[in-house]
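# Would you be able to build a 3D model of this:
(chains A and B)
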Number of protein chains: 2
Amino acid sequence: MTETVLSSATKEIVIGFDRPFCVIGERINPTGRKKLAAEMKEGDYSTLQADALAQVAAGATMLDVNAGIPLADEPKILADTIKLVQSLVDVPISIDSSIIDALESGLAAYQGRPLVNSVTGEDESLDRVLPLIKKYDCAVVAISNDETGISEDPDVRFEVAKKIVERAADYGIKSQDVVVDPLVMPIGAMGTAGRQVFALVRRLRDELKVNTTCGASNISFGLPNRRTLNGHFLSMAACAGMTSAIMNPLHEEDMNAIFAANVLNGVDRDCKNWVRKFREPIPEGAEGEGVNRRRDRENRRRRRA
Amino acid sequence: MTETVLSSATKEIVIGFDRPFCVIGERINPTGRKKLAAEMKEGDYSTLQADALAQVAAGATMLDVNAGIPLADEPKILADTIKLVQSLVDVPISIDSSIIDALESGLAAYQGRPLVNSVTGEDESLDRVLPLIKKYDCAVVAISNDETGISEDPDVRFEVAKKIVERAADYGIKSQDVVVDPLVMPIGAMGTAGRQVFALVRRLRDELKVNTTCGASNISFGLPNRRTLNGHFLSMAACAGMTSAIMNPLHEEDMNAIFAANVLNGVDRDCKNWVRKFREPIPEGAEGEGVNRRRDRENRRRRRA
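Reported below is the predicted structural model:
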C-alpha cells in the first residue's frame, strides 16, 4: 500500500491510490506575480495571507509555498512565510525551492511532516536534497529530468524516476515518500504530451508503486480555453492513476474536475462531497428533458426527507 | 488495428483506438419523450428533423435512431425515420431497437453500412441478431448482459462480452465489427461503477481488441450537477480507452469533454478542432493572473499573424 503521510502541527493527510486526490494549492509563489514578489520582499504578507485562506477554503488539501524572489533573502523569507502560513491554516505544506539553504531553513521552521519540492535526477540535486529528506524524515517531489534535461522520450523519464527512487532507498528513504512528477509538456507544442503522461503515471504506479504529482496547467500553455482543458487533463490524469497535482484551487473548473474524479474513481464515499458541493436546487428547466427534471425533483425530495 | 468502419450513402467514419472519439447522438429516441413519441406515431417528424440537424451541427459523428413507441408499428416508423434522417444529414446511423422485425426493416431501408444497437449475450438475441449483422455486413453494439441479467462483477461482464465476440466470429463477423458496451451503472447506487467501467474498457481494448461504447449519462443518475459529472466521466472513459459513446451532443459540457479528450489523447491533430472551437478572444481579465492574460494575448497575436 503506497501512502505518503504528511502533516502540519495538528493535521495529517495521506496521498494514496485509494485516497481522494490531493490538491496542492500553487498560489503562494512569487514567480510571475510581481505584486506578490514586491510585497514579500518588503515583509508585507497581506496578499499571501489572503491566498492561503482562500485556497484552503476552496478545498486545497495542502499548500505549496515558494519564496523565490531574485536578490532577496530566500532562506529567511521562506521560513517566515512557512511560519505565517502554519499560523493561519492547518493543512500540510509543500516547501518549494531550488536553493538548498532555503529548503533547510524552511524545514527547520516547519512544524509537522512536510513535502519537499523538489529533487531532480541530477547527481548534485540528489546528493544535496536527499540527505535533508532523511534528516527531517519527510517526503519529496521527484522531478524526472537529469543533467541531459527533460527527455521527450517517456521511457527515459521513467528511468530517471526509477534512479531517484533507488538513490532515495540508498539513503533509507522509502519509495512511498517519493512523489514522482513525470513532467507535463504543453500539448500545443507536442501532441503526444497527454498520452505520455497518462502512460507514465500508470507505469509509475504499477511498476515503481509511487504516488505522482504534476504542475497541471502547463498542459494547456498557448491554447485557448485553458481552464476547460486543464480540468479534463486533471480528471483524465486521475483516471490514469495520478494521486496529486500542484494546481490552482481557486479555478472552479479544476476543482470540479477533482470532485468528479473522486466520485468516478470511487474515493468520494457515497458521493458525499459531491452532493454537499452541488445539492443546491437546480432551476426548473435547466436539466433539459422532462425525465431528467423529474429525477432531479425526486432526488431533491429524497434528500430533504 | 481495430477499426469499425461505418457509412451513410456518402460519408464514411471510423471508430478506432487512434481516432477522434465517436459521438453517437442519442436524441432521436421517443423513450421518455412523450411529445416526440406522439408526433412520431402520427407521422409528424418535425421535432425529429430539428433534432437530427441540431445534433450534427453540434458535432455528432453518428446518430442513434430509435422508434420504440408502445402500440405503434415500429418496423414501419423505424424505416421511415431512417429514410428521413438519411435525407437530412450525411452521418452514419446506429439503428436502435430490441425488436428483430424493426431491425430488419431498418436495415433494409438503410443506405450504407450502419451500426446495429444492439445484441446481448442472451442466446435468443445472439441467434436472431447476429445473422442479420452477417447478412447486411454491418457492425453491432454488444451489451454485456445475458440471461442472468447485468452482473455487478466486471469479470462476468467481460466474459459475456467475450462470448458475444466469439459467437459473432462463428458467423464470420470480425471482432472489429463488435462494439462492446460494458454497461454503466449509476455511481450514486454503486460507488465502484466508474472504476469498473474504466478497468473493463482497458481489458476489452487490450485483451479482446474491440471498440467500446456506452450510454454515458446513466453514471450520474440520481445525483446533482449531472452535466459536470457526465462530462468528466466521458473524458475519463476516453482516457481509459473508450472510443465512442451514446450521448447528447447538445449538452455543452459533454461536447467540451470530448473535444478536450481528443486533444489530450493526441487525436486532435495540432489541436486544430480545439482552436477552431475556442479561438474567440477571451474577455480581458477572465483568465485571472497577469501571466495567463499575457500568454493569451500573445497567443491571439500569434494566431492573427
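# Give me the contacts around the longest helix anywhere in chain A.
Counting residues, the longest helix found in chain A (DSSP state H) is helix A:154-170. By CB atoms under 8 Å, 6 or more residues apart in numbering or on different chains, the residues outside helix A:154-170 that reach it are A:119-121, A:126, A:130, A:133, A:140, A:142, A:144-146, A:150-151, A:174-175, A:177-178, A:180, A:182-183, A:196, A:199-200, A:203-204, A:207-208, A:210. For every residue, glycine as well, the C-beta is placed using N, CA and C.
# Emit the PyMOL select command for whichever of the residues you listed are buried.
The buried residues among those can be selected in PyMOL (16 or more other CB atoms under 10 Å in any protein chain shown) with this line:
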select buried, chain A and resi 119+120+121+126+130+133+140+142+144+145+146+151+175+177+178+180+182+183+196+199+200+203+204+208+210
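# What's the local residue count around whatever residue of the stretch 51-200 of chain A ends up closest to chain B?
Per CB to the nearest CB, residue A:194 is where the stretch 51-200 of chain A lies closest to chain B, at 3.5 Å. Residue neighbour count, defined by other CB atoms under 10 Å in any protein chain shown, stands at 28 for residue A:194.
# if you skip the residues just before and after it, what's nearest to it?
Counting by CB to CB, 6 or more residues apart in numbering or on different chains, residue A:194 lies nearest to residue B:264, which is 3.5 Å off, once chain neighbours are set aside.
# Could you pull up the residues touching the one you found?
Counted by CB under 8 Å, 6+ apart, residue B:264 has contacts A:187, A:194-195, A:198, A:219, A:229, A:232-233, A:236, B:235, B:239.
# Could you list which of the residues you listed belong to helices?
Per DSSP H, helices hold the following members of the contacts of residue B:264: A:194-195, A:198, A:229, A:232-233, A:236, B:235, B:239.
# of those, closest to residue A:68?
Using CB to CB, residue A:233 comes nearest to residue A:68 of the ones in helices among the contacts of residue B:264, at 25.1 Å.
# close enough to count as contact, the closest one and residue A:218?
No - using CB atoms under 8 Å, residue A:233 is not in contact with residue A:218; the gap is 9.5 Å.
# Who has more neighbours out of those two?
The neighbour comparison of residue A:233 against residue A:218 (other CB under 10 Å) goes to residue A:233, with 34 against 15.
# How much space separates the more buried one from residue B:254?
17 Å (CB to CB, to the nearest Å).
# any weak-confidence spans in chain A?
Scanning chain A for pLDDT under 70 picks out A:280-305.
# now the strands for it?
For chain A, the strands defined by DSSP state E cover A:3-7, A:12-16, A:22-28, A:62-66, A:93-96, A:115-120, A:139-143, A:178-181, A:211-212, A:244-247.
# wait, which of those strands is closest to residue B:52?
Smallest distance to residue B:52 across the strands of chain A (CB to CB): 40.3 Å, for strand A:244-247.
# CA atoms only for the closest one - export them in CSV, please.
Coordinates of the C-alpha atoms in strand A:244-247 are reproduced here as CSV (Å, rounded to 0.1, in the frame of the first residue of the first chain):
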residue,chain,number,x,y,z
SER,A,244,-2.0,14.7,-6.6
ALA,A,245,-1.4,17.9,-8.5
ILE,A,246,0.1,21.3,-7.9
MET,A,247,-2.8,23.4,-9.2
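# if we can go back for a sec, which of the contacts of residue B:264 lies closest to residue B:29?
For those, the closest approach to residue B:29 (CB to CB) belongs to residue B:235, at 23.8 Å.
# Start and end of stretch A:36-45, how far apart?
8 Å (CA to CA, to the nearest Å).
# And that stretch, what's buried?
Across stretch A:36-45, burial judged by 16+ other CB under 10 Å covers A:36-37, A:39-41, A:45.
# Could you double-check that the residue of the stretch 51-200 of chain A closest to chain B lies in contact with residue A:185?
No - Residue A:194 is beyond contact range of residue A:185, at 9.1 Å (criterion: CB under 8 Å).
# Now for the two: what residues contact both?
Each of residue A:219 lies in contact with both residue A:194 and residue A:185 under the rule CB under 8 Å, 6+ apart.
# Nearest residue to residue A:58 in space, ignoring adjacent ones along the chain?
Spatial nearest neighbour of residue A:58, chain neighbours left out: residue A:249 (4.1 Å); criterion: CB to CB, 6+ apart.
# Count the residues that sit near the one you found.
Using other CB under 10 Å, residue A:249 is surrounded by 22 other residues.
# what's it in contact with, if anything?
A:23, A:25, A:55, A:58-60, A:255.
# what about it, distance to chain B?
Distance of residue A:249 to chain B, given as CB to the nearest CB, to the nearest Å: 12 Å.
# Please enumerate the helices of the stretch 1-150 of chain A.
A:34-41, A:46-57, A:74-88, A:100-109, A:123-135 (DSSP state H, counting those that start in this stretch).
# I'd like the distance from the third one to the chain centre, please.
Its chain's average C-alpha position is 19 Å from that of helix A:74-88, according to CA atoms, centre = their mean, to the nearest Å.
# buried ones in it?
Going by neighbour count (16+ other CB under 10 Å), the buried part of helix A:74-88 is A:74-75, A:77-82, A:84-86, A:88.
# and what of the last one?
By neighbour count on 16+ other CB under 10 Å, the buried set for helix A:123-135 is A:125-126, A:129-130, A:132-134.
# Quickly note the distance from the closest residue to residue A:49 other than its chain neighbours to residue B:50.
Excluding its sequence neighbours, the residue lying closest to residue A:49 (CB to CB, 6+ apart) is residue A:88, at 6.1 Å. Using CB to CB, residue A:88 is found at 55 Å from residue B:50.
# same check, this time on residue A:205
Noted for residue A:205: a distance of 47 Å to residue B:50, by CB to CB.
# Buried residues, stretch A:253-264. List them.
For stretch A:253-264, burial by neighbour count (16+ other CB under 10 Å) applies to A:253-264.
# Tabulate these (TSV), appending distance to residue A:114.
Below are the buried residues of stretch A:253-264 laid out as TSV (distance: CB to CB, whole Å):
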residue	distance to residue A:114
A:253	28
A:254	23
A:255	23
A:256	28
A:257	26
A:258	22
A:259	26
A:260	29
A:261	25
A:262	24
A:263	29
A:264	30
